[in-house]
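> need coordinates for the following:
(one chain, ligands or ions: 2)
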Amino acid sequence: MEPPKIAPSILAADFAYLAAEVASVNEHADMLHVDIMDGHFVPNLSVGLEAIAALRRHSQLPFDCHLMTTNPTAYLEEMAAAGASIVTMHIEAVPDPTGAAAAARSLGLGFGLVINPGTPFVAMSPFVELCDLVVVMSVEPGHGGQAFREPVLKELEAARNFIDSEGLGADIEIDGGITPETASLARAAGADVFVAGSFVFGEKDRGAAIAKLRNAIT
Ligand code: DX5
Ligand code: ZN
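Numbers count the residues shown, from 1 in each chain. Ligands and ions are numbered 1, 2, ... in the order given. This next block holds a predicted model:
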C-alpha cells in the first residue's frame, strides 16, 4: 500500500475566503479535493472551471477534481486548461469510461472512477486498469458534513484485494465523513487517500487537524 495521503475538500471551506482557506492547507496536505456538482447528477451546485483556474494561482498541490456531473467528459479540455491535475468521474454517470479515460490522458490529466455508497465495486472493476485513482464514496454525493457509512468498507476491501491481486497501480480514495476514527477504519480496509472536508475546515488549526488524521492512519 502507498503511504497515506490527505486531500482536504474545499466544499467545507469558507467560500468568501477561498484563497486564504487553500493557503491554510497548502503546507500540510498532499492534494486538494475540488467537488464539482451540476445540480443534475447530484441535487446541489458547487464550483466550476473559474474556481479551479483562480485557485491554481494560490496552490501548487495537485487538484483532485471530483466530477459529480451527468456528462463529465464534456469539459475535460477546459478542466486541463484551468489547472486540474486528476479528474474522477462516477461509473453511475459513465458506464463505459474507456473513451473518457483516453481523452483525459491525452490532455495530460490523471484519471479516476468513483462509486456511490450503493454501487458495488464490481461495477467499476473492469475499468480499474485505466485508473490512477479508485474512489469509494462513504456518503451520498452532493453534500459535506454527512456521517460515514460503514457498509462501504467491504467495497473498499474488494477494491484493495482486486488492485493487489491484479498488480494494478491505482490508489484507493475514500470520500465522505472522514474523521480520525473513520479514517482508521478505512485505512485498515485498504484506503490510500483520505478526503476530508468538515473535519479539516471545521478546525481553526488546519495543520493540527491534518496531523490528527495522519496520526490515526500511520
Ligand atoms: C460529497 C463530496 C465530498 C465532501 C466531503 O459530495 O464528494 O468530497 O466534500 O465532505 P465531508 O468530509 O464533510 O464529508
Ligand atoms: Zn468529493
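> and stretch 126-144, does that touch ligand 1?
Yes - with C-beta under 6 Å from any ligand atom as the measure, stretch 126-144 is seen reaching ligand 1 through 139, 141-144. Every C-beta, even on glycine, is put in place using the N, C-alpha and C of the backbone.
> filter these down to the ones near ligand 2?
Among the residues of stretch 126-144 next to ligand 1, no residue lies close to ligand 2 (C-beta under 5 Å from the ion).
> quick one: residue 197 from ligand 2, how far?
Residue 197 sits 8 Å away from ligand 2, going by C-beta to the ion, to the nearest Å.
> whoops, residue 150 was the one
Counting by C-beta to the ion, the gap from residue 150 to ligand 2 is 19 Å.
> residues contacting the closest residue to that residue other than its chain neighbours?
When the adjacent residues along the chain are set aside, residue 150 lies closest to residue 185, with 7.1 Å between them (C-beta to C-beta, 6 or more residues apart in numbering). Counting by C-beta atoms under 8 Å, 6 or more residues apart in numbering, residue 185 touches 148, 150, 153.
> where's residue 185, which helix or strand?
helix 180-188 (DSSP states H and E).
> and the protein, which of its residues are near ligand 2?
35, 66, 175.
> out of the residues you listed, grab the one that's most surrounded.
Within the residues of the chain next to ligand 2, most neighbours by other C-beta atoms under 10 Å means residue 66, with 29 neighbours.
> tell me the strands beside the helix or strand where it lies, with direction?
Using DSSP H and E, residue 66 sits in strand 63-68. Under the criterion DSSP bridges, strand 63-68 sits next to strand 32-37 (parallel), strand 86-90 (parallel) in its sheet.
> what's the single longest helix in this structure?
helix 153-166 (DSSP state H).
> now that helix: how far from the chain's centre is it?
17 Å (C-alpha atoms, centre = their mean, to the nearest Å).
> other SSEs contacting it?
strand 133-137, strand 171-175, helix 180-188 (3 or more C-beta pairs under 8 Å, 6 or more residues apart in numbering; DSSP states H and E).
> and residue 22, how many neighbours?
23.
> what's the distance between it and ligand 2?
Separation of residue 22 from ligand 2 (C-beta to the ion): 16 Å.
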